[in-house]
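[1] Coordinates for the following, if possible.
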Amino acid sequence: MALYVGSKIPKLEITTKTSEGLDVIDTETYFAGRKIIVFSVPGAFTATCSEKHLPSYVSNHQAFMDAGIDAIACLAVNDAHVMLAWAEQKGAAGLIDLLADPVASFSDELGLKTDMGPVLGVRAARSAFIVEDGIITHFFKEEPKAYKVSDAESLLSVVTS
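    As a prediction, this is how the structure comes out:
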């Protein structure tokens, strides 16, 4: 499946971890009846993801909530333990929902799966999208190695316009 405006989020189970432990999220239930910003990153603890992408959503969290967003989620091809450790280090725990996609199944279903070569391997392409009641209403995918359209400030301008 390729991600596009008007498409429905695929139904599958993904894992997350909080301080309370591991949890399985059914995507159909998670996205139902809510307006959610999802941003995908190539990987936790990688340079742009750690220094720019995740922090942009942490610092703009309240502005998104004030604009009517119900949740912000970060999708990465990492396991749930790594995602939580990264979120805790960056001050995102409790603010950003961490969607662990260790075998890239959700990324593949969304059309975001990409091979980043021998160092990073298969990952999710950097992107951001808005989902309303399970339907993608806006979609922004970065060109390889770019960080121009999926940052929080770009998405905030969409949700506040």
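[2] what residues does the helix or strand in which residue 64 is found touch?
    Using DSSP states H and E, residue 64 sits within helix 61-66. When contacts are defined by Cβ atoms under 8 Å, 6 or more residues apart in numbering, helix 61-66 is touched by residues 37, 57, 72, 95, 96, 152, 155, 156, 159, 160. For glycine as for every other residue, the C-beta is placed from the backbone atoms N, C-alpha and C.
[3] next one: whichever helix or strand comes after that helix to chain centre, how far?
    Counting by DSSP H and E, the next helix or strand C-terminal to helix 61-66 is strand 71-76. Offset of strand 71-76 from its chain centre (Cα atoms, centre = their mean, to the nearest Å): 3 Å.
[4] residues touching the closest residue to residue 126 other than its chain neighbours, list them.
    Once flanking residues are discounted, residue 126 sits nearest to residue 142: 4.1 Å by Cβ to Cβ, 6 or more residues apart in numbering. By Cβ under 8 Å, 6+ apart, the contact list for residue 142 reads 125, 126, 127, 148, 149, 150.
[5] By neighbours, which of the residues you listed wins?
    Using other Cβ atoms under 10 Å as the neighbour criterion, residue 126 leads those with 26 neighbours.
[6] Next one, pLDDT for that one please.
    On the pLDDT scale, residue 126 is placed at 91.
[7] Tell me which two of the contacts of residue 142 sit farthest apart.
    125 and 148 (13.5 Å; Cβ to Cβ).
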